[in-house]
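Asker: any chance you can model this:
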Amino acid sequence: MRAVRGVVQHYAWGDTAYLPHLLGAPADGRPWAEWWLGTHPAGPARLVDGGSLAQVAGHLPYLLKVLAAAEPLSLQTHPDGATAAFGFEREERAGVPIDAPHRIYRDPYAKPEVICALTRFDALCGFRPVDDALRLLDWLGAEEVAHFLRHHGLRATVEALYRGHVPLAPVVAACAGHTTAEAELATTLAHRYPADPSVAVTLLLNRVVLEPGEALFLGPGNLHAYVHGAGVELMGASDNVVRGGLTPKHVDVEELLRVLHIAPLHDPVVRPLEVEPGRWHYPIAGVPFELWRLDVADEMVHEATGRELLVCTAGDADTIAHGHAVYLAPGERIRMEGESTVFRATERVATA
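Answerer: Okay, the predicted model is just below:
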């Protein structure tokens, strides 16, 4: 077992207090957005006793984060592996520098993500069932979008909004003065990002408020944005983000529409399964990692099945103090004592 020192990312949307409190650090007024635990080159973790995590773990196929959002993030999606490989090769052939602001595919890998709430966590995730979207639009009085959706379907409506064939201004006007969470968010975003069609697209997405312990899976093509809250996020070790809007960063509408999975997502929430007392697994297929939550009531012994990172987010597990993280090599054991919550990230290991 090796104690790990993560890397804090100070993005503008971050909360000023949550991560400093978790890590036992003084708040300094800056936004503390994410705490990275992994071997990703944009923020490689180090060992407390010296050296890098990569020196003992090699390249990990996942990146573990604790995230704290005080403001909405961009509306975005991520490619599947084949799309990422093709896009990466295309931009390489075109000579687009890897760090260019307009570069989309910075590596040839997929970036599936799961986020588990530590606080109440507000997010947009996947498209609403069409009937639900129509009820909301009709109630708001967003007549043009509702008419287009009713007669042309979901995909055509999303494409028309992003290409400017359905005007944004009447949608923003319809939301003004309404007190629903969807209308208030659209109004706020319209002030920050005037003329951004993603403001209207948010009304077509599921608005989800997770309770602590609940999770969202953000697979390839899932259009999503985190709105507010703190959570543990586990993802593929990739930088590939295809942005749709609500950001000053580069947006490529045509690439977005190629990557998006435009179909209703009826229930975005991932609920954990208690495999053994206190051991909760978040069931997600087709990803190179697994996320577990260990609720230690008194004592728990764990043996690593692969290369694993453990982080204590509540209480004190003795061998892992509150706000600390450790790396376990395959086969290593750890004894945790004391009432606490520990999240476990591991690579998915094939079984015979």
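Asker: surely residue 278 meets residue 301?
Answerer: No. Residue 278 is beyond contact range of residue 301, at 11.3 Å (criterion: CB atoms under 8 Å). Quick note: C-beta positions are derived from backbone N, CA and C, even for glycine.
Asker: neighbour count: these two, which is higher?
Answerer: Using other CB atoms under 10 Å as the criterion, residue 278 and residue 301 rank with residue 278 on top: 16 against 9.
Asker: can you give me phi and psi for the more buried one?
Answerer: Backbone geometry at residue 278, expressed as degrees, to the nearest 10, gives phi 80, psi 0.
Asker: contact partners for it?
Answerer: Applying CB atoms under 8 Å, 6 or more residues apart in numbering to residue 278 gives the contacts 294, 295, 296, 297, 300.
Asker: quick one: buried ones out of these?
Answerer: 294, 295, 296, 300 (16 or more other CB atoms under 10 Å).
Asker: circling back to that earlier point, turn the contacts of residue 278 into TSV, including distance to residue 161, pLDDT and secondary structure.
Answerer: TSV is the format used below for the contacts of residue 278 (distance: CB to CB, whole Å; pLDDT from 0 to 100; DSSP: H, G, I helix; E, B strand; the rest coil):
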residue	distance to residue 161	pLDDT	secondary structure
294	43	98	strand
295	43	97	strand
296	47	96	strand
297	50	95	coil
300	49	96	strand
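Asker: quick one, helices of the chain?
Answerer: 18-23, 53-57, 81-93, 130-140, 143-152, 154-162, 169-175, 181-192, 198-201, 253-259 (DSSP state H).
Asker: to residue 272, which of these lies closest?
Answerer: Nearest to residue 272, of all those, is helix 18-23, at 20.9 Å by CB to CB.
Asker: returning to that earlier point: any idea which of the helices of the chain is most buried?
Answerer: Of all the helices of the chain, helix 198-201 has the most neighbours on average by mean count of other CB atoms under 10 Å, namely a mean of 27.
Asker: can you list the domains in the chain?
Answerer: The chain resolves into domains spanning 2-124+209-248+262-270, 128-204, 273-347 when parsed by automatic domain parsing.
Asker: can you put these in TSV and add distance to residue 256?
Answerer: Converted to TSV, those look like this (distance: least, CB to CB, whole Å):
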stretch	distance to residue 256
domain 2-124+209-248+262-270	5
domain 128-204	7
domain 273-347	22
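Asker: so where's the chain shaky on pLDDT?
Answerer: Applying pLDDT under 70 to the chain flags residues 350-352.
Asker: gap between the residue of it positioned farthest from its centre and residue 130?
Answerer: Within the chain, the residue lying farthest from the chain centre (CA atoms, centre = their mean) is residue 151, at 32.9 Å. Taking CB to CB, to the nearest Å as the measure, residue 151 falls 12 Å from residue 130.
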